[in-house]
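Participant: fold the following.
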Amino acid sequence: MLLDSLKRLEATIEAETEALLARRAVDHEAVNRLKSQSLLELTRLSRGIDPGMLDAVAAIHLARLRDKLARNQEVVAMHLRAAEEIGETVAAAEREAESDGTYTARIGR
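Facilitator: Take a look at the predicted model:
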């Protein structure tokens, strides 16, 4: 059961990372719902588990999941930075388009 939950979360994280890297449309609401469900399931399953008693297969999946989560975090952060830069560029263009030049410094006078 724990292994199945780890595999589902791993698949969700990997799919999101690949979609962002390929610049494909991502249904963020659906991805976040899947991640939340997986994390809730893992939380419930892990309550009675002693980490020292995990078998090698579960430990391998946990290590792989940790690596995929780290990569996902990098890619999501890069995606958010790009969205912020686009937003700043659009806002600057809107300000410039709305300005009549009254308060801008004129060079050459």
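Participant: which residues does the closest residue to residue 65 other than its chain neighbours contact?
Facilitator: Nearest residue to residue 65 in three dimensions, chain neighbours excluded: residue 10, at 5.1 Å (Cβ to Cβ, 6 or more residues apart in numbering). Placement of C-beta: from N, CA and C, glycine included. Applying Cβ atoms under 8 Å, 6 or more residues apart in numbering, we find residue 10 in contact with 61, 64, 65, 68.
Participant: hmm, 10 Å instead?
Facilitator: 38, 61, 62, 64, 65, 67, 68, 69 (Cβ atoms under 10 Å, 6 or more residues apart in numbering).
Participant: which of the residues you listed are buried? Put it as a PyMOL command.
Facilitator: Restricted to buried positions by 16 or more other Cβ atoms under 10 Å, the PyMOL selection for those reads:
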select buried, resi 38+61+62+65+68
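Participant: show me the two of the contacts of residue 10 that sit farthest apart.
Facilitator: Using Cβ to Cβ, the two most remote members of the contacts of residue 10 are 38 and 67, lying 16.5 Å apart.
Participant: buried residues, stretch 28-47. List them.
Facilitator: 31, 34, 35, 38, 41, 42.
Participant: mind listing the helices for the protein?
Facilitator: Assigned by DSSP state H, the chain shows helices spanning 2-21, 28-46, 56-98.
Participant: now the residue nearest the centre of the chain. Nearest residue, chain neighbours left out?
Facilitator: With distances taken as Cα atoms, centre = their mean, residue 76 lies nearest the centre of the chain, 3.6 Å away. Leaving aside its chain neighbours, residue 76 sits nearest to residue 20 (6.8 Å; criterion: Cβ to Cβ, 6+ apart).
Participant: wait, isn't the one you found in contact with residue 14?
Facilitator: No: contact between residue 20 and residue 14 fails when scored by Cβ atoms under 10 Å: they sit 11.0 Å apart.
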